[in-house]
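Novice: sequence first, then the predicted structure:
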Amino acid sequence: MATSTKPKVIVVGAGIFGLSTAYYLAEDGYEITIFDQHPYDRGDGYKLNPGSTAASVDENKIFRASYGDELYYQRLAYEAREVWKQWNEELGPGKELFVESAMLRVQHSSHLDELEKKTLANMTAEGLRDTQYILSSDDDVQRATGRGWAHKMLKFAIPKTDGQETFEAVLDTTAGYVYPSQACAYLAGKLRKKGARFIEGSAKGEFASLRVEGSGELRRVTGIRTKDGEEHSADLVIMACGSATPMLVPEVRRVLEATAGSVVTVRLPPREEAPELWDKYAHDNWPVIIGHDPDPTGKTVGSRSIYSFPRTEDGLVKIGYRVTKYTNYVKLPGSDRPISVPLQPEVDDTSLPIKSVEGIKTFVSTFLPDLAPLPITATRLCFYTDTVDNSWLIDYLPGYNDTLFICTGGSGHGAKFTPILGKHVRDVIQKKPKTELTHHWRWRPELPLGNGLEEGPDGPRTLDKQKRASPEDLRRAGWFAGSHL
């Protein structure tokens, strides 16, 4: 890296990973230029729009610190939580980026599963057990009543039982949700105040290739070329491109995979027509609800789930399905094998698989039956970047003399760490001693393929093997028109 007091850094990707990293580097005096193909610097900015492929651009994402026995992620989440609260104070009432609605972790049966037991054990070890309330515990219910949380300890009958058997659940009062699109815009504003440059939009902000000089042991990256033919120099290039990273950096294709979660948004009737629904699903009265499918691998991070949020200020309720993480394999020029890439909204067919619709239908009928007759406002295949073990990939890519850095692999659980992710990324860039956390983020091609990456294009999750939903299918599922299918 250059010896200048302000090393020149290019960050490719203006999502959560890129912005958080750029922010903390800018704090240390690095000269930062951020590139992105989406014109976030004008118009609606980071507001969710049908043309965006970035997982960071979203209405809301879950904030949770429940990570089974992976204590390092639990601690990181609570570190982030404190900064989210600071940001809320900076922005003031009505502009909060973090909503402490609590989250109800619904079990798969009437008993706590092993993942939940591990989570509670770690919460207890960290002195946080009093923030967790088990539905079947009389002591916890009494404590929740005294502290004003009892109204969110919801009971739901287990389908196909006599109605007396209910799902076990744990209410986590430290959890809730964040607004990632607004958080990205907030961080971008902070970066501009620190002098960071943004080059965004089609062609001028779109990565075309790396500038590489030398060969063998002398090979190094000296910048990037953009689609408009311009060359941009830097001492360090950070690729923070989310699900597009395997498309742009061939070396990571073995350890990263673009996978799609399915999202449905339902609109409540106008407030004056259904005030009871607006009150019921307000974040003061309703928690985030997450239901996990048992994971046969026993992994904690990125576990298979269906989840829902309280309503937004304009009456939207989002339901997400990540039980099946779909892949979209294509053969790219110069690639020796197909890789999974994100679909392009308004260009490709981004209709949801029937399997997702049916899974969401079951979830809604069980936990949100009021919403079953309501129209779907939008659907989305949200592409994440999964790693072989669901821990992120944050490290120098070997073979480039510490001039090319990879910062991606969120695996569906990165957004909650927006305020402090870059602080830890900066430690890796500056080669500070590895912690348990950063050890898990290292470049690790030696790991056996897992987390579905071993399936490849012949696996059962590829979108070309799925029956896709039509508007008629949604009507049969209990919903009607208004979707993007």
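Specialist: Nice, thanks for sending it over.

Novice: quick check, Arg211 in a strand?
Specialist: Yes - the assignment for Arg211, made by DSSP: H, G, I helix; E, B strand; the rest coil, places it in a strand.

Novice: helix, strand or coil for the nearest residue to it once chain neighbours are set aside?
Specialist: Nearest non-adjacent residue to Arg211, counting by Cβ to Cβ, 6 or more residues apart in numbering: Gly223, 4.4 Å away. Every C-beta, even on glycine, is put in place using the N, C-alpha and C of the backbone. Look at Gly223: counting by three-state DSSP, its state is strand.

Novice: surely Gly223 and Glu231 touch.
Specialist: Yes - contact criterion Cβ atoms under 8 Å: Gly223 and Glu231 qualify, at 6.2 Å.

Novice: circling back to that earlier point, which strand residues bridge the residue nearest to Arg211?
Specialist: Arg211, Ser233 (DSSP bridges).

Novice: report how many residues lie close to it.
Specialist: 19 (other Cβ atoms under 10 Å).

Novice: quick one, helices of the stretch 251-400 of the chain?
Specialist: Assigned by DSSP state H, counting those that start in this stretch, the stretch 251-400 of the chain shows helices spanning 275-280, 354-367.

Novice: return the most buried member of those.
Specialist: helix 354-367 (a mean of 20; mean count of other Cβ atoms under 10 Å).

Novice: for that helix, the distance to its chain's centre please.
Specialist: Centroid displacement of helix 354-367 relative to its chain, using Cα atoms, centre = their mean, to the nearest Å, is 21 Å.

Novice: any stretches of the stretch 101-250 of the chain with poor pLDDT?
Specialist: 163 (pLDDT under 70).

Novice: show the model's pLDDT score for the nearest residue to Cys241 once chain neighbours are set aside.
Specialist: In this structure, Cys241 finds its nearest non-sequential neighbour in Gly13, 4.4 Å apart by Cβ to Cβ, 6+ apart. Each residue has a pLDDT score; the one for Gly13 is 97.

Novice: Gly13 and Leu248: what is the separation?
Specialist: 9 Å (Cβ to Cβ, to the nearest Å).

Novice: between those two, what contacts are shared?
Specialist: 239, 241 (Cβ atoms under 8 Å, 6 or more residues apart in numbering).

Novice: and of the helices of the stretch 251-400 of the chain, who's closest to Arg219?
Specialist: helix 354-367 (43.6 Å; Cβ to Cβ).

Novice: give me the contact list for that closest one.
Specialist: Outside helix 354-367, the residues that touch it by Cβ under 8 Å, 6+ apart are 106, 156-157, 159, 262, 264, 289, 291, 306, 308, 319, 321, 323-324, 371-372, 466-469, 473-474, 477-478.

Novice: what's the domain layout of this structure?
Specialist: As assigned by automatic domain parsing, the chain contains the domains 8-65+180-255+388-455, 101-174+258-387+460-476.

Novice: winner for burial among those?
Specialist: Among the domains of the chain, ranked by average contacts under mean count of other Cβ under 10 Å, first place goes to domain 8-65+180-255+388-455 (a mean of 19).

Novice: distance between the ends of that domain?
Specialist: 40 Å (Cα to Cα, to the nearest Å).

Novice: would you map the strands across the stretch 151-300 of the chain?
Specialist: For the stretch 151-300 of the chain, the strands defined by DSSP state E, counting those that start in this stretch occupy 169-172, 176-178, 197-200, 207-213, 220-226, 231-233, 236-239, 256-267, 288-292.

Novice: tell me how far His108 lies from Val288.
Specialist: His108 is 17 Å from Val288, by Cβ to Cβ.

Novice: just Gly414 next, same as before
Specialist: Gly414 is 17 Å from Val288, where distance means Cβ to Cβ.

Novice: what's the answer for Cys407, then?
Specialist: Taking Cβ to Cβ, one finds Cys407 at 27 Å from Val288.

Novice: same deal with Cys382?
Specialist: Taking Cβ to Cβ, one finds Cys382 at 17 Å from Val288.

Novice: likewise for Asp140?
Specialist: In terms of Cβ to Cβ, Asp140 sits 18 Å off from Val288.

Novice: isn't Ile16 up against Val57?
Specialist: No - with contacts counted by Cβ under 8 Å, Ile16 stays clear of Val57, the gap being 9.6 Å.

Novice: Leu268 is in contact with Ala282, isn't it?
Specialist: No - checked against Cβ under 8 Å, the pair Leu268 and Ala282 is beyond contact range at 10.5 Å.

Novice: now the common contact residues for those two.
Specialist: Common neighbours of Leu268 and Ala282 (Cβ under 8 Å, 6+ apart) are Arg311.

Novice: what sits against Ala244?
Specialist: With Cβ under 8 Å, 6+ apart, Ala244 has these contacts: 13, 53, 258, 341-342.

Novice: could you report the distance from the residue lying closest to Pro457 once chain neighbours are set aside to Val106?
Specialist: The shortest distance from Pro457 to any non-neighbouring residue, by Cβ to Cβ, 6+ apart, is to Tyr329 (3.8 Å). Note on Tyr329: its distance to Val106, by Cβ to Cβ, is 33 Å.

Novice: over to Phe98?
Specialist: In terms of Cβ to Cβ, Phe98 sits 22 Å off from Val106.

Novice: same question, Glu217
Specialist: Here Glu217 is placed at a distance of 54 Å from Val106 (Cβ to Cβ).

Novice: for the protein, what's the longest helix?
Specialist: In the chain, taking DSSP state H as the definition, the longest helix is helix 71-91.

Novice: contacts for that helix?
Specialist: Residues contacting helix 71-91 (Cβ under 8 Å, 6+ apart): 63-67, 95-98, 122-123, 125-126, 174, 178, 183, 186, 301, 413, 416-421, 424, 435-437, 440.

Novice: cross those residues against strands and list the overlap.
Specialist: In strands, defined here by DSSP state E, the members of the contacts of helix 71-91 are 63, 98, 178.

Novice: buried set for stretch 94-102?
Specialist: 96-102 (16 or more other Cβ atoms under 10 Å).
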